[in-house]
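>>> Got a predicted model here, sequence first, then my questions.
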2 protein chains.
Amino acid sequence: MRYDKGHKENTRRHILEAASTRFRRDGIEAVGVAELMSDAGLTHGGFYSHFSSKEDLVRATIEHAADGARARFRELMNDAGLEGWIRRYLRPEHRDHPERGCLGAALVSELSRHSATTKAAVSQWTVKVFDDVAAHLPSTIPRQKRRMVAVGIFSTMIGALQLARVAPDAKTADEALESGIACALQLAGLKPQSRLQPKARTS
Amino acid sequence: MRYDKGHKENTRRHILEAASTRFRRDGIEAVGVAELMSDAGLTHGGFYSHFSSKEDLVRATIEHAADGARARFRELMNDAGLEGWIRRYLRPEHRDHPERGCLGAALVSELSRHSATTKAAVSQWTVKVFDDVAAHLPSTIPRQKRRMVAVGIFSTMIGALQLARVAPDAKTADEALESGIACALQLAGLKPQSRLQPKARTS
DNA sequence: TGTACATCAGTGAACGCGCGTTCACTGATGTAC
DNA sequence: TGTACATCAGTGAACGCGCGTTCACTGATGTAC
């Protein structure tokens, strides 16, 4: 068969989305190219007409996921503000479904061992997160501290989510999320006296 | 040859130490059993008289590393206090040498995809860290908030270290560490007005 | 309008390789007699 | 004291398997004439 204009680009996007889900769920190394292509409804041989190597796919997946994440970040920040974003990032559904969540939290320690090019793709995304968070901090945070606070808030969030994911029981896992929320809010200068329990939130 | 009493236990410890270093440097999945045994000066066949599987080694390595980490934590906490520990954890040497540093920071996102038994080993360690940190918080932190603050501080630290490790340039990487220190200290109620620069520290 | 050819996304067999694991074996030494 | 045997940590060849990557091929359709 011969394909529509735009067909190949569509296929590429399908592969990227399959990779994004699989990588977050199982880790990069644990997922094979053949498995991935089969998820996208294709056979493995065609992979190399889309990407030059698996590592190239990893880089492209990070960039693809970062674009999506940033768009969702902005939407949410407008709807629910910084506090809403923090609570949403650290809710139990996010902990329990890494395959639909933050690629950074799912893969950061694995990615730190990848190529400089791949790490640069991650870092371009984290730098944007820092900027976005800094821009939404309350005006009580002095200008020269905003970036530092933004980096600290995101460190707390990504760390708390990962600790929650290795917790062996619900109590420890919930505690990690709740502590992350309370501490991130405190750093942001929001509700320093806030209750420990996060509000129940739905998507 | 026939071996000394205690020889086998010694060999086991050598394997655990080789695994601990290699896993932190390259990730668990990237390191083969044969490679590991060769690091320990042995051939791969003998591996299974020490461990029932690679996953069993992973669990044992976490427990081994946790014992060492806790001993070092206590020593440092007595010498330098909570602030000293935070600064030491987030110093550039730790970022640049994961193979000699915190196993949790190096492997947490990979470990979240391992067996429940393995995750339980990680979590037993994190729970002890939380207890140790909570016990060393200044008395200004109210009793019922201490544990939450301890969890938040460690989340910030482990998150900041990982973000520093994916940073593509020295400036971004240093910023992550410095922000982590400043925010961890603020959460701990230590020097909320502290400078952004960490003190230069040596081992 | 009809025919021959070019295009090119996707197919699937095959490659060399390293993985985790198994197992028959080695050989130095302790023990039984 | 001397000899035969048991022990057991470690050896290294071999297993089946799945990996990333390559490549000759397919076949539906667009294009040239």
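Perfect, thanks for sending it.
>>> Helices of chain A, start to end?
Taking DSSP state H, the helices of chain A run over residues A:7-26, A:33-39, A:54-89, A:92-96, A:103-111, A:116-135, A:146-166, A:170-187.
>>> got a list of what A:Val151 touches?
Contact analysis of A:Val151 by Cβ atoms under 8 Å, 6 or more residues apart in numbering or on different chains lists A:130, B:160, B:163, B:175-176, B:179-180, B:183. Where C-beta positions appear, they are placed from N, C-alpha and C, glycine not excepted.
>>> The same query, at a cut-off of 10 Å, please.
Neighbouring residues of A:Val151 by Cβ atoms under 10 Å, 6 or more residues apart in numbering or on different chains: A:126-127, A:129-130, A:133-134, A:187, B:156, B:159-160, B:163-164, B:172, B:175-180, B:182-183.
>>> Generate a ChimeraX selection restricted to the buried subset of these.
Burial among the contacts of A:Val151 is assessed by 16 or more other Cβ atoms under 10 Å in any protein chain shown; the matching ChimeraX selection reads:
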select /A:126,129,130,133,134,187 /B:156,159,160,163,164,172,175,176,177,178,179,180,182,183
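>>> Contacting DNA strand C as well, which ones from the contacts of A:Val151?
For DNA strand C, no contacts are drawn from the contacts of A:Val151 by Cβ under 7 Å from any atom of the strand.
>>> For DNA strand C, see how far away A:Gly32 is.
Distance, A:Gly32 to DNA strand C, using Cβ to the nearest atom of the strand, to the nearest Å: 11 Å.
>>> Model confidence for that residue, exactly?
pLDDT for A:Gly32: 97.
>>> so it touches A:Arg22, yeah?
Yes. Using Cβ atoms under 10 Å, A:Gly32 is in contact with A:Arg22, at 9.5 Å.
>>> neighbour-wise, which of the two wins?
Neighbour totals were compared for A:Gly32 and A:Arg22, and A:Arg22 leads with 20 against 13 (other Cβ atoms under 10 Å in any protein chain shown).
>>> Output the set of residues of chain A in proximity to DNA strand D.
A:1-2, A:31-35, A:44-45, A:47-48, A:53-55.
>>> now these: which count as buried?
Buried among the residues of chain A next to DNA strand D by 16+ other Cβ under 10 Å: A:31, A:33, A:47, A:54.
>>> any chance of the residues you listed in a markdown table, plus distance to B:His94?
Shown next, in a markdown table, are these (distance: Cβ to Cβ, whole Å):
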| residue | distance to B:His94 |
| --- | --- |
| A:Val31 | 30 |
| A:Val33 | 35 |
| A:Phe47 | 38 |
| A:Lys54 | 30 |
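>>> Tell me which two of those sit farthest apart.
Spanning the widest gap among those are A:Val31 and A:Phe47, at 12.4 Å by Cβ to Cβ.
>>> In chain A, what residue comes closest to DNA strand C?
A:Gly45 (1.6 Å; Cβ to the nearest atom of the strand).
>>> Touching, that residue and A:Ser38? I think so.
No. Taking contacts as Cβ under 10 Å, A:Gly45 lies outside contact range of A:Ser38: 11.7 Å.
>>> tell me the most buried of the helices of chain A?
Among the helices of chain A, helix A:146-166 has the highest mean neighbour count (mean count of other Cβ atoms under 10 Å in any protein chain shown), at a mean of 27.
>>> Need the residues touching each of A:Val31 and A:Phe47.
Joint contacts of A:Val31 and A:Phe47 (Cβ under 10 Å, 6+ apart) are A:54, A:57.
>>> so where's chain A shaky on pLDDT?
Filtered on pLDDT under 70, chain A yields the residue ranges A:1-2, A:192-203.
>>> Tell me which residue is most central in it.
Against the mean C-alpha coordinate of chain A, by Cα atoms, centre = their mean, the closest residue is A:Cys102 at 1.9 Å.
>>> I'd assumed A:Ile62 was in contact with that one.
No. Checked against Cβ under 10 Å, the pair A:Cys102 and A:Ile62 is beyond contact range at 11.7 Å.
>>> what is in contact with those two at once?
A:Trp125.
>>> Show me which residues of chain A sit near DNA strand C.
Residues of chain A lying near DNA strand C by Cβ under 7 Å from any atom of the strand: A:2-3, A:7-8, A:11, A:37, A:42-46, A:49-50.
>>> Repeat the analysis, applying 10 Å as the threshold.
Proximity of chain A to DNA strand C, by Cβ under 10 Å from any atom of the strand, involves residues A:1-12, A:14-15, A:33-34, A:37-38, A:40-50.
>>> now the residue nearest to A:Ile158 when sequence neighbours are not counted: how far from B:Ile141?
Nearest in space to A:Ile158, with sequence neighbours left out and distances taken as Cβ to Cβ, 6 or more residues apart in numbering or on different chains, is B:Gly159 at 4.4 Å. Separation of B:Gly159 from B:Ile141 (Cβ to Cβ, to the nearest Å) stands at 21 Å.
>>> A:Lys171 now?
If you go by Cβ to Cβ, the gap between A:Lys171 and B:Ile141 works out to 22 Å.
>>> got it, and A:Arg25?
From A:Arg25 to B:Ile141 the distance is 38 Å (Cβ to Cβ).
>>> Equivalent analysis for A:Gly6, please.
Taken as Cβ to Cβ, the span from A:Gly6 to B:Ile141 is 58 Å.
>>> Equivalent analysis for A:Ala120, please.
Using Cβ to Cβ, one gets 39 Å for the distance from A:Ala120 to B:Ile141.
>>> same thing with A:Met77?
Plainly put, A:Met77 is 31 Å away from B:Ile141 if you go by Cβ to Cβ.
>>> Next: A:Ala188.
Here the criterion is Cβ to Cβ. By it, A:Ala188 lies 19 Å from B:Ile141.
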